[in-house]
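Asks: Sequence first, predicted model second:
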Amino acid sequence: MSRSLSTPLSPPSAALRPILGVTFGIAVTVGSTVGVGILRTPGSVAALMGTPVLVLLVWLCGGCYALLGANYTAELATMSPKAGGPYVFAHRAYGEFAGFAIGLCDWVLNTAAIAFLAIAFGEYITRLVPSMAPYSRLVSIGVLIAFTIVNARGTRTGSHTQQAASLVKASALAAFVVACLASGRAIDARHVAAAAPASSAEGPVAFVLALQLVLGAYGGWNAAAYFAEEQAAPAQTAPRSLFWGVLAVTAVYVLVNIGLLAVLPLPALAASTLPASDAMHAMFGELAGMLLMLLSLVLLVSIINAGFLTIPRTVFAAGRDGLAPRRLAAVNNGGAPIAALLVTGAAAIFFCATGTFEQLLAFYATTGIIVDIALVVALFVLRRREPTVSRPFKVWGYPYAPLALLVIDVMLVVSFAFADTANTILAAMLLPASYPLYLLLKARS
């Protein structure tokens, strides 16, 4: 075990270090959001939208949705500048159990997600090195262990790793877009179907379905809010990190789609299950497979590291508040929430080794929307109950902007319920089902 992992722990009440700036906030937002989904989703969105203008419009709408989210989150984060994100906001607005339940959902689903991403990393590695195929799952577990160790060395180390990984990610995607625009070659129709499969959805229904896909790609836009306690001058840093991070992600997504449309005719893009691969094949021929694997690995490294930075903050905050074992609030000499990090790493390894997290991923999007609804309502609750409390950042367009977001979220949940009833019910049941665990942990702590 590395020396950093055995570094003496400071008392559980020790504070995290306020050493993070706007650059980190943008990096962790890009790192938590931009993943391999952007290499696959554009084809499905194009099949639903039917024209290049509508394709770009729905990706811009996804960015506007995330900006509306950043708007209310910035007020909550500057009002309660503590580590933990959604857990902290729900705890203040609704009390202990709601904070615990929302924090637990957030932690479990995100931990399962990084486990799934680690499995994808192992699969890509074995495609590049076929002889390692029997050890794919071991590679995935090794990746999780490696990022646990990196982030255990301290917040500054994890921050620098994230900034470097996000810079490499952005550079790789920028190179992909430039190559697409410079190529100007339409793909050979033999590589994909001649035309996109007909979609049974039309008009507003098709737009809603496409928006669901796009919002899945924007998941993680609120990552900077988990670090409000560790940001220097959070009153200024937190809003800038959220807004500039979302704008950066939106720019990446729109530019990637413009690049794809420059290489792939719309029917080919709409018919492709992996449009980035088809675009690379058109530009680079036999090198396309290797280049795509390398690009995917770059995206995965950044998002896995961002997960290890973000997710333990929820467990740390619950431990500090006595809603989980207080040992989980321990901070090492590097400023990392070491106990929460180790628990998160162990849970991710368990999910990775057993595969029991796949159903969680199936209703991840629905649970995320339900949590968002609770947090938007929390904004209204706190405005009414604590009108005189200092709010360094106030929501733009209150009450209309957050109310519009609330209406959109409710409509999305209703549409999810019709499209995937079973997972919607599971997601809705997860919150009350956490009550027995809440009582047990509170009693033990």
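Replies: Good, I have the coordinates. Numbers count the residues shown, from 1 in each chain.

Asks: From now on I want contacts and neighbour counts done on CA atoms only, so please keep to that.
Replies: OK.

Asks: buried residues in the helix or strand containing residue 175?
Replies: According to DSSP states H and E, residue 175 maps onto helix 155-183. Along helix 155-183, these residues count as buried under the neighbour rule (16 or more other Cα atoms under 10 Å): 155-159, 161-163, 165-170, 172-174, 176-177, 179-181, 183.

Asks: ok now that helix, how far from the chain's centre?
Replies: Centroid separation for helix 155-183 versus its chain: 17 Å, with Cα atoms, centre = their mean, to the nearest Å.

Asks: State which helix of this protein is the longest.
Replies: helix 96-128 (DSSP state H).

Asks: For that helix, give the mean pLDDT please.
Replies: Mean pLDDT, helix 96-128: 86.

Asks: start the count at 56, not 1, going forward
Replies: Sounds good: first residue 56 from here, last item helix 151-183.

Asks: list the helices and strands whatever helix or strand comes next after that helix packs on?
Replies: Following helix 151-183 in sequence order, the next helix or strand is helix 191-207 (DSSP H and E). The contact analysis (3 or more Cα pairs under 8 Å, 6 or more residues apart in numbering; DSSP states H and E) places helix 191-207 against helix 151-183, helix 210-238, helix 343-365, helix 393-409.

Asks: any chance of these in TSV, with distance to residue 498 too?
Replies: Below are the helices and strands packed on helix 191-207 laid out as TSV (distance: least, Cα to Cα, whole Å):
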stretch	distance to residue 498
helix 151-183	13
helix 210-238	31
helix 343-365	27
helix 393-409	19
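
Asks: give the contact list for the closest residue to residue 294 other than its chain neighbours.
Replies: Leaving aside its sequence neighbours, residue 294 sits nearest to residue 129 (Cα to Cα, 6 or more residues apart in numbering; 4.9 Å). For residue 129, the contact set (Cα atoms under 8 Å, 6 or more residues apart in numbering) comprises 280, 293, 294, 297, 448, 449, 450.

Asks: Relative to residue 441, which of those is nearest.
Replies: Nearest to residue 441 out of these is residue 449 (Cα to Cα; 13.4 Å).

Asks: Wait, that closest one touches residue 132, no?
Replies: No. Residue 449 lies out of contact with residue 132 (Cα atoms under 8 Å); the separation is 10.6 Å.

Asks: Which of these two has more residues huddled nearby?
Replies: A direct count of neighbours by other Cα atoms under 10 Å for residue 449 and residue 132 places residue 132 higher, at 31 against 17.

Asks: what about that one, helix or strand, and which?
Replies: Element membership for residue 132, per DSSP H and E: helix 107-134.

Asks: Mind checking what helix or strand follows that helix in sequence?
Replies: Moving toward the C-terminus from helix 107-134, the next helix or strand (DSSP H and E) is helix 141-149.

Asks: Show me what that following helix is packed up against.
Replies: helix 151-183, helix 367-375, helix 419-440.

Asks: Now do it: distance to the chain's middle.
Replies: A distance of 19 Å separates the centroid of the chain from that of helix 141-149, by Cα atoms, centre = their mean.

Asks: give me the low-pLDDT residue ranges for the protein?
Replies: Counting by pLDDT under 70, the chain has low-confidence residues at 56-70, 239-257, 410-420, 474-475, 478, 500.

Asks: wait, isn't residue 106 in contact with residue 322?
Replies: No. The criterion here is Cα under 8 Å, and residue 106 misses it with residue 322 at 9.3 Å.

Asks: Quick one: neighbours of residue 401, just the number.
Replies: If we define neighbours as other Cα under 10 Å, then residue 401 has 17 of them.

Asks: What of the one 4 residues further on?
Replies: As a burial measure, the neighbour count of residue 405 was computed by other Cα under 10 Å and equals 16.
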